[in-house]
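based on what follows, work out the 3D shape:
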Amino acid sequence: MDLFEAMRCTPTSRRFSDEPVATEAIEAALENARFAPSGGNRQGWRVVVVRDGGLRAKLAELYLPRWRAYTELTGAAQMLADPGSFDPVRVRMVRRADEYAERLAEVPVHLVIGVQLSDLAVTDADLPRTSIVGGASIYPFVQNLLLALRGEGLAAAMTTLLVPAEAEVRELLAIPDDVAVAAHVGVGHPAEPWPTKLARKPVAEFAFAERYGEPLA
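Residues are numbered from 1 along each chain as shown. Predicted coordinates for the structure are as follows:
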């Protein structure tokens with residue numbers, strides 16, 4: 001698959017078929033994703049591939065209350081309760097996410113992605129705002145993985161809603177204390193056709209020339 005095509009048509013997929021996911025496809029995706037950049041090339045990513053039905057169910061139990069809290073915080077719960085009062089496109093997206101959360105245990109493969117804390121290069125720790133730089137050493141790997149899964153014909157949904165349940169996830173999956181939970185990726189064969197192009201803001205809305213706010217062209 002062409003790189004730019006993959007970038008334009010790799011959606012967050014929340015509906016999966018019953019087709020089994022080959023171990024070889026997961027391994028191939030990880031093999032290619034590992035070439036992502038990271039701070040100091042430390043490559044601190046760690047991935048637990050979860051197929052066991054009992055473990056998937058337990059991860060779903062940890063995920064669902066965090067999803068419900070998220071819907072209350074963001075107003076998504078109100079959309080679900082009164083869909084006629086909101087933009088139909090947004091309602092459809094929230095409904096898909098809610099369906100995904102409710103049926104998470106049925107998703108064929110769960111990838112729990114962690115990062116070795118000692119491998120993070122957190123250069124903004126002393127700034128008077130929320131630190132974000134540490135993510136630069138793990139999320140490029142996650143994006144590589146999503147694209148690599150797409151190249152293997154696999155659909156995926158990445159969320160961070162299991163992160164608040166880090167202690168429970170560590171205990172469940174025997175993850176050591178020096179590895180932080182960074183993301184959860186549900187993987188399977190898509191139940192719906194791939195999109196030809198995702199809906200995104202035009203470049204002119206987020207890219208500027210010389211100074212913030214100045215038109216790029």
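
list of residues touching the lengthiest helix in the chain?
The residue-count maximum for a helix in the chain (DSSP state H) belongs to helix 53-74. With contact meaning Cβ atoms under 8 Å, 6 or more residues apart in numbering, helix 53-74 is reached by 50, 76-77, 80, 94, 97-98, 101-102, 104-107, 110, 112, 159, 161-162, 164-165, 168-169, 172-173, 184. Yep, even glycine has a C-beta here, placed from its N, CA and C like the rest.

repeat that for 7 Å
For helix 53-74, contacts defined as Cβ atoms under 7 Å, 6 or more residues apart in numbering pick out 50, 77, 80, 101, 104-105, 107, 110, 161-162, 164-165, 168-169, 172.

before we move on, what about stretch 195-212?
Against stretch 195-212 from outside (Cβ under 7 Å, 6+ apart): 8, 9, 11, 214, 215, 216.

just the buried residues out of those residues, in ChimeraX syntax.
Buried subset of the contacts of stretch 195-212, written as a ChimeraX selection, criterion 16 or more other Cβ atoms under 10 Å:
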select :11
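
will you turn the contacts of stretch 195-212 into a markdown table that also has distance to residue 151, secondary structure and pLDDT?
Putting the contacts of stretch 195-212 into a markdown table (distance: Cβ to Cβ, whole Å; DSSP: H, G, I helix; E, B strand; the rest coil; pLDDT from 0 to 100) gives the following:
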| residue | distance to residue 151 | secondary structure | pLDDT |
| --- | --- | --- | --- |
| 8 | 14 | helix | 93 |
| 9 | 11 | coil | 93 |
| 11 | 14 | coil | 94 |
| 214 | 37 | coil | 96 |
| 215 | 36 | strand | 94 |
| 216 | 31 | coil | 91 |
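
take the contacts of stretch 195-212 and write them to a markdown table, including distance to residue 35.
Shown next, in a markdown table, are those (distance: Cβ to Cβ, whole Å):
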| residue | distance to residue 35 |
| --- | --- |
| 8 | 21 |
| 9 | 21 |
| 11 | 23 |
| 214 | 35 |
| 215 | 35 |
| 216 | 30 |
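
tell me what the strand ranked longest in the chain is packed against?
The residue-count maximum for a strand in the chain (DSSP state E) belongs to strand 179-188. When contacts are defined as 3 or more Cβ pairs under 7 Å, 6 or more residues apart in numbering; DSSP states H and E, strand 179-188 packs onto strand 109-116, helix 139-151, strand 155-159, helix 166-173.

could I get the ones you listed as TSV with mean pLDDT?
Shown next, in TSV, are these (pLDDT from 0 to 100):
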stretch	mean pLDDT
strand 109-116	98
helix 139-151	98
strand 155-159	98
helix 166-173	98
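
and the ones you listed as CSV, adding distance to residue 2 and mean neighbour count?
Output for the helices and strands packed on strand 179-188, formatted as CSV (distance: least, Cβ to Cβ, whole Å; neighbours: other Cβ atoms under 10 Å):
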stretch, distance to residue 2, mean neighbour count
strand 109-116, 25, 22
helix 139-151, 10, 21
strand 155-159, 18, 22
helix 166-173, 36, 16
